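Peer 1: need coordinates for the below:
(one chain, ligands or ions: 1)
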Amino acid sequence: MSQVRVRFAPSPTGFFHIGSARTALFNWLYARHTGGQFILRIEDTDKERNSDAFLNVIYDSLKWLGLNWDEGPQVGGDFGPYRQSERGEIYKIYVQKLLDAGRAYEKDGAIWFKLLGERSEVFDDRREKTVTKVKTEPTVIEDRIRGHVERIEDEDFVIVRSDGNPVFHLVNVVDDIAMGITHVIRGEDHLSNTSKHVELFKAFGASVPEFAHIPLILKQNGPGKMSKRDQGALVEEYQRRGFLPDALVNFLSLLGWNPGDDREKMPIEEIVRLFDLPGVNQSNARFDDKKLAHMNMVYLLELPADEFVTKVRTYLTAQSAGPALAADEGYFREVMLLSQPKIKGFEELPSYTVYFFTENYPIDDKVKTKVMGKGEPKVRLAELIAAMPAMDFTTDESIENGIKAVAEANTQGFGAYQSIARLALTGTNVGPSITGIMRVLGRDKVSARLVGFAAAN
Ligand code: GLU
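Peer 2: Model prediction:
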């Protein structure tokens with residue numbers, strides 16, 4: 001059996017979209033699953049709309065996601081160059097082949113692809129002009145995902161514009177031939193182009209690759225395809241927000257594919273092992289940011305402590321999160337490990353941990369009004385302050401026992417102490433366990449904050 005060769009062929013005309021990432025991922029998965037080659041080809045023939053900035057975003061995003069390419073820009077390969085803007089000579093040779101074979105002709109300065117079949121002139125009402133119709137057999141596409149598709153191509157089409165620029169259909173097919181592509185896996189929006197492409201493959205006497213058109217990604221709310229303008233549509237946004245690429249890859253793999261059971265979190269090796277084209281759904285997939293956030297949380301939770309802390313530091317460094325980064329390393333680690341099971345993403349960390357790194361932490365007024373308005377918080381606070389010097393701060397448990405002892409001595413519940421302590425120590429009513437907060441802050445800071453709060457309120 002010949003080796004699978006698939007390609008991801010983005011046009012660098014905009015930021016790198018979730019849908020593009022998913023197309024790249026499905027190609028990469030198929031290559032890795034079959035032991036084939038994954039090729040990156042840049043479709044940058046539209047000089048006016050391309051930019052190097054967008055090109056770099058494509059490279060960066062693919063690398064960040066871990067979708068390494070076997071051939072393409074930056075890594076080379078036997079079938080280069082891999083940027084269409086550098087392949088002009090190759091297109092000329094292929095166009096000449098069609099001209100020589102009588103399958104292309106010049107008209108009005110452009111070069112047209114010639115369909116085979118009986119020709120007749122008809123007046124097209126919609127376009128209000130006479131056009132040449134060609135009577136052809138339907139083009140058959142046995143799509144690996146869509147199944148049997150038939151389309152009729154009945155008009156010649158331009159393959160080289162009058163300005164000399166080759167058209168997408170031509171360069172796309174020529175490169176798939178010249179690069180030995182065996183499977184074309186791409187978005188369903190290209191299905192309408194495929195009959196033209198099949199006719200071109202045949203005219204070149206090339207074998208037609210397998211096609212697999214993957215379903216669209218629908219926007220989260222409302223009808224229609226997710227577009228670059230939709231919130232959460234750009235890969236770099238997730239990179240900036242500190243999402244774990246493994247979590248995003250896992251999430252993307254499930255946008256239109258399932259492993260045959262209801263598993264969701266799977267290591268990439270497992271996804272590679274199970275991924276195959278018959279498992280790709282025909283129906284469209286709907287984007288769901290909650291599911292993505294949840295996936296990220298599950299991945300964060302399972303990160304080994306050292307890795308988690310290292311990644312947090314990298315993220316906070318990119319955010320220039322001064323006070324946290326200036327803190328003692330051991331203290332920083334304790335704070336972050338306390339937060340690890342509580343956060344959905346790194347982006348929550350700066351505000352979630354603010355009170356660990358400054359004495360100027362914000363006090364939530366609503367929370368304050370609520371806590372101060374219930375029971376006798378000032379009395380509880382005084383009792384807690386009195387217990388501080390003798391309390392054992394060694395572990396969460398010893399602290400918990402200490403608070404319980406105070407509560408029992410005063411015939412109160414644990415909760416009455418925890419709510420006022422949390423308010424005084426953190427300014428809020430959310431966060432890690434109060435005992436964890438107290439242990440990490442340490443007796444001195446805890447005492448000072450409790451005393452300070454009591455004096456001010
Ligand atoms: N450049 C095309 C696109 O970005 C690629 C189409 C294909 O994969 O064949 O949509």
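
Peer 1: this structure against the ligand: which residues are in contact?
Peer 2: 9-11, 43, 172, 184, 186, 190 (Cβ under 6 Å from any ligand atom). Backbone N, C-alpha and C define where each C-beta goes, glycine included.

Peer 1: I'd like to know which elements the one helix or strand in the chain whose mean pLDDT sits lowest is packed against.
Peer 2: The weakest-scoring helix or strand in the chain, judged by mean pLDDT, DSSP states H and E, is helix 322-326 (a mean of 87). Helix 322-326 makes packing contacts with helix 305-318, helix 329-339, helix 354-357 when contacts are defined by 3 or more Cβ pairs under 8 Å, 6 or more residues apart in numbering; DSSP states H and E.

Peer 1: most neighbours per residue, which of these?
Peer 2: helix 354-357 (a mean of 21; mean count of other Cβ atoms under 10 Å).

Peer 1: let me know the average pLDDT across the very next helix or strand once past that helix.
Peer 2: Using DSSP states H and E, the helix or strand that follows helix 354-357 towards the C-terminus is helix 365-372. The predicted model assigns helix 365-372 a mean pLDDT of 97.

Peer 1: likewise stretch 261-279?
Peer 2: 95.

Peer 1: pull out the buried residues from stretch 30-41.
Peer 2: 30-34, 36-41 (16 or more other Cβ atoms under 10 Å).

Peer 1: out of the residues you listed, list just those in helices.
Peer 2: Judged by DSSP state H, the subset of the buried residues of stretch 30-41 located in helices is 30-34.

Peer 1: quick check, nearest of those residues to the ligand?
Peer 2: Of all those, the ligand sits closest to residue 30, with 13.3 Å by Cβ to the nearest ligand atom.

Peer 1: mind listing what the closest residue to residue 69 other than its chain neighbours touches?
Peer 2: In this structure, residue 69 finds its nearest non-sequential neighbour in residue 40, 4.0 Å apart by Cβ to Cβ, 6 or more residues apart in numbering. When contacts are counted by Cβ atoms under 8 Å, 6 or more residues apart in numbering, residue 40 touches 7-8, 62, 69, 71-73, 82.

Peer 1: take those residues and lay them out in a markdown table including pLDDT.
Peer 2: Shown next, in a markdown table, are the contacts of residue 40 (pLDDT from 0 to 100):
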| residue | pLDDT |
| --- | --- |
| 7 | 98 |
| 8 | 98 |
| 62 | 97 |
| 69 | 98 |
| 71 | 98 |
| 72 | 98 |
| 73 | 97 |
| 82 | 98 |
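
Peer 1: select from these the one having the most neighbours.
Peer 2: Compared across the contacts of residue 40, residue 7 has the highest neighbour count, 30 neighbours, by other Cβ atoms under 10 Å.

Peer 1: so what does the closest residue to the ligand within the stretch 51-200 of the chain look like in phi/psi?
Peer 2: When scored by Cβ to the nearest ligand atom, the stretch 51-200 of the chain has residue 186 as its residue closest to the ligand, at 3.6 Å. Backbone torsions of residue 186, given as degrees, to the nearest 10, read phi -150, psi 170.

Peer 1: low-confidence ranges in the stretch 301-450 of the chain?
Peer 2: Counting by pLDDT under 70, the stretch 301-450 of the chain shows no low-confidence range.

Peer 1: okay, the helices and strands packed on helix 322-326 in CSV with distance to residue 447 next?
Peer 2: Below are those laid out as CSV (distance: least, Cβ to Cβ, whole Å):
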stretch, distance to residue 447
helix 305-318, 27
helix 329-339, 17
helix 354-357, 15
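
Peer 1: how about the strands in this structure?
Peer 2: Ranges of strands in the chain, per DSSP state E, are 5-8, 37-40, 104-107, 110-113, 118-124, 129-135, 139-143, 147-151, 157-160, 183-187, 210-214, 217-218, 285-286.

Peer 1: looking at these, which is buried most?
Peer 2: Of these, strand 5-8 is the most buried (mean count of other Cβ under 10 Å), at a mean of 26.

Peer 1: and that strand, how far out from the chain middle?
Peer 2: Taking Cα atoms, centre = their mean, to the nearest Å, one finds the center of strand 5-8 at 19 Å from the center of the full chain.

Peer 1: good, we can wrap up now.
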